[in-house]
Every structure is written in C-alpha cells, then in structure tokens.
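Participant: sequence first, then the predicted structure:
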Amino acid sequence: MDFWNSTNGEWWTDARENNWGNGDHCTGNWTGVECSGGEVVTIEIVDNNQTGELSESLGGLGALDRLSLSQP
C-alpha cells in the first residue's frame, strides 16, 4: 500500500477496478501484482496515471524480479 499511497493510487486510471487494498497483496488479486510463494515477484502498472515518488518500501521486496511503471 506504500506504493499505492506514494503514487497517488486513488487517482490511477483504474483506481476503482484494481483491487488494491482488498485483502492481502498476494491473495487479493491486486491488479499488476504477481506473487510466488507468498512474495511479490512482479509489479506492472502501465499507463495508469500514477504520479509521485516511489516508496522506499519497494526496496524491501526481496523477491521482486520485475517492476514496470511505464507511461506513454
């Protein structure tokens, strides 16, 4: 949720449909988040109006293999 908060998640293009904040990040079907073994391995939020700074907590995701946050 740090990522959501630091990138103005409530203003993301699909903010209402993305499930962020519903349940656990791995079991709550958060859009753009993939997990393996209960750990986040991918965050892919593309062309979704995210703005702001990345949260330092992303550095704590030791299993994170792919981070894609592109904007056109």
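Facilitator: Now that the structure is in, tell me what you want to look at. Numbers count the residues shown, from 1 in each chain.
Participant: what is the mean pLDDT for the strand ranked longest in the chain?
Facilitator: If you go by DSSP state E, the chain has its longest strand at strand 39-44. The average pLDDT within strand 39-44 is 95.
Participant: partner strands of that strand and their direction?
Facilitator: Applying DSSP bridges, strand 39-44 is found paired with strand 33-36 (antiparallel), strand 66-68 (parallel).
Participant: would you list those strands in TSV and tack on mean neighbour count and mean pLDDT?
Facilitator: In short, each C-beta sits where N, CA and C put it, glycine included. Formatted as TSV, these follow (neighbours: other Cβ atoms under 10 Å; pLDDT from 0 to 100):
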stretch	mean neighbour count	mean pLDDT
strand 33-36	14	96
strand 66-68	11	94
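Participant: now those as JSON lines including distance to residue 27?
Facilitator: Compiled in JSON lines, the strands paired with strand 39-44 are given as follows (distance: least, Cβ to Cβ, whole Å):
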{"stretch": "strand 33-36", "distance to residue 27": "8"}
{"stretch": "strand 66-68", "distance to residue 27": "20"}
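Participant: how many neighbours does residue 23 have?
Facilitator: Counted with other Cβ atoms under 10 Å, residues neighbouring residue 23 total 10.
Participant: ok, for it, nearest residue in space, not its chain neighbours?
Facilitator: Once flanking residues are discounted, residue 23 sits nearest to residue 29: 7.7 Å by Cβ to Cβ, 6 or more residues apart in numbering.
Participant: distance-wise, check the one you found relative to residue 9.
Facilitator: 15 Å (Cβ to Cβ, to the nearest Å).
Participant: out of those two, which sits in the busier spot?
Facilitator: residue 9 (19 against 13).
Participant: that one reaches residue 50, doesn't it?
Facilitator: Yes. Between residue 9 and residue 50 there is a contact under Cβ atoms under 8 Å: 7.4 Å.
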